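Visitor: Predicted model follows, preceded by the sequence.
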Amino acid sequence: MISYYDFKNMPDQAQCSLAINEGRIMNETTVKTLKYILYEVSYFTVEVIFNTENNKIEGMNVFQNKGAYSI
């Protein structure tokens, strides 16, 4: 398991690779040519925005799951 802090300190390409290869897909939505894929990685969530027209990653957002720490 990787921490949110360690993940955020990785290079963007490494973050994306880890999310896609080790994350668990939570949700997937397509809007026109963009596919938004939400991955669960450890105790945080990563959204990868993929352009289906040119097969490139357009962006990525990382969200801390506050609920995971409230127990």
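Guide: Sure thing, it's come through.

Visitor: beta partners of the spatially most central residue of the chain?
Guide: Central residue of the chain (Cα atoms, centre = their mean): Val46, 2.2 Å from the mean position. Beta bridges link Val46 to Tyr39, Val62, judged by DSSP bridges.

Visitor: could you measure it against Val31, distance?
Guide: Val46 sits 18 Å away from Val31, going by Cβ to Cβ, to the nearest Å. The C-beta positions use only the backbone N, C-alpha and C, and glycine is treated the same way.

Visitor: swap in Leu18?
Guide: Distance, Leu18 to Val31, using Cβ to Cβ: 25 Å.

Visitor: Looking at these two, which is more packed in?
Guide: Leu18 (17 against 8; other Cβ atoms under 10 Å).

Visitor: Assumed the more buried one was part of a helix.
Guide: Yes. Checked against DSSP: H, G, I helix; E, B strand; the rest coil, Leu18 lies within a helix.

Visitor: Ramachandran angles for Phe7?
Guide: Note on Phe7: backbone dihedrals following degrees, to the nearest 10 are phi -60, psi -50.

Visitor: How is the residue lying closest to it once chain neighbours are set aside assigned, secondary-structure-wise?
Guide: If the residues on either side of it in the chain are set aside, Phe7 comes closest to Gln15, at 6.1 Å by Cβ to Cβ, 6 or more residues apart in numbering. Using three-state DSSP, the structure places Gln15 in helix.
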